[in-house]
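1. Coordinates for the following, if possible.
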Amino acid sequence: MPFKPIPMPQCPKCSKSVYAAEEKLAGGHKWHVGCFKCSMCNKMLDSTNNNARDDALYCKACYGRKFGPKGYGFGGGAGALNMDTGEQFGNTEFVSNKPVDNTYGPK
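-> Model (predicted):
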């Protein structure tokens, strides 16, 4: 009877085997201690400040930035408003917001 090693769980970040002495649990997966960091800012995480989504880990701040509510009143403010038409993304349906009548314009 040949020896068959027990299949070890794979780390979602590096796809290597995770052994019991170096594992951290989050999002239903086992992670290496070195791989247990935010996917956006690389901040080291622990069990109290991590959020897992789509086999990736995020700190609470980056998770809120990426998946949280967006728009005015959710931290965007006037700094998030711009006059970009989206031409670099292929948007050709730009509508100007300038008034069409002279009610408020120069006379």
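2. C62: what secondary structure?
-> Using DSSP: H, G, I helix; E, B strand; the rest coil, the structure places C62 in helix.
3. and it, what does it touch?
-> C38, S39, M40, C41, K43 (CB atoms under 8 Å, 6 or more residues apart in numbering). From N, CA and C alone the C-beta is placed, and that goes for glycine too.
4. And for Y58?
-> Here Y58 is in contact with C38, S39, M40, N50, N51, A52, K66 (CB under 8 Å, 6+ apart).
5. Show me which pair in the contacts of C62 is furthest apart.
-> Greatest spatial distance among the contacts of C62 (CB to CB): S39 and K43, at 10.1 Å.
6. Between these two, tell me which one has more neighbours.
-> The residue with more neighbours, out of S39 and K43, is S39; 17 against 14, by other CB atoms under 10 Å.
7. Next one: the closest residue to that one other than its chain neighbours from K16, what distance?
-> Using CB to CB, 6 or more residues apart in numbering and skipping residues adjacent in sequence, the residue nearest S39 is A56, 4.3 Å away. A56 is 17 Å from K16, where distance means CB to CB, to the nearest Å.
8. just P2 next, same as before
-> From P2 over to K16 (counting by CB to CB), the distance is 24 Å.
9. And for A52?
-> From A52 across to K16, the span is 18 Å (CB to CB).
10. helix or strand for K66, which one?
-> helix 60-67 (DSSP states H and E).
11. circling back to that earlier point, more crowded one of A52 and K16?
-> The neighbour count for A52 versus K16, taken as other CB under 10 Å, is higher for A52 (18 against 11).
12. on that earlier part again, could you check the helix holding K66 and say which residues are buried?
-> Across helix 60-67, burial judged by 16 or more other CB atoms under 10 Å covers C62, Y63.
13. Only alpha carbons, please: show it as PDB.
-> What follows is helix 60-67, C-alpha atoms only, in PDB (Å, rounded to 0.1, in the frame of the first residue of the first chain):
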ATOM      1  CA  LYS A  60     -12.200  47.700   6.800                       C
ATOM      2  CA  ALA A  61     -11.200  51.000   5.200                       C
ATOM      3  CA  CYS A  62     -10.400  49.500   1.800                       C
ATOM      4  CA  TYR A  63     -13.500  47.300   1.800                       C
ATOM      5  CA  GLY A  64     -15.700  50.300   2.400                       C
ATOM      6  CA  ARG A  65     -13.900  52.300  -0.300                       C
ATOM      7  CA  LYS A  66     -14.300  49.500  -2.900                       C
ATOM      8  CA  PHE A  67     -17.700  48.000  -2.100                       C
END
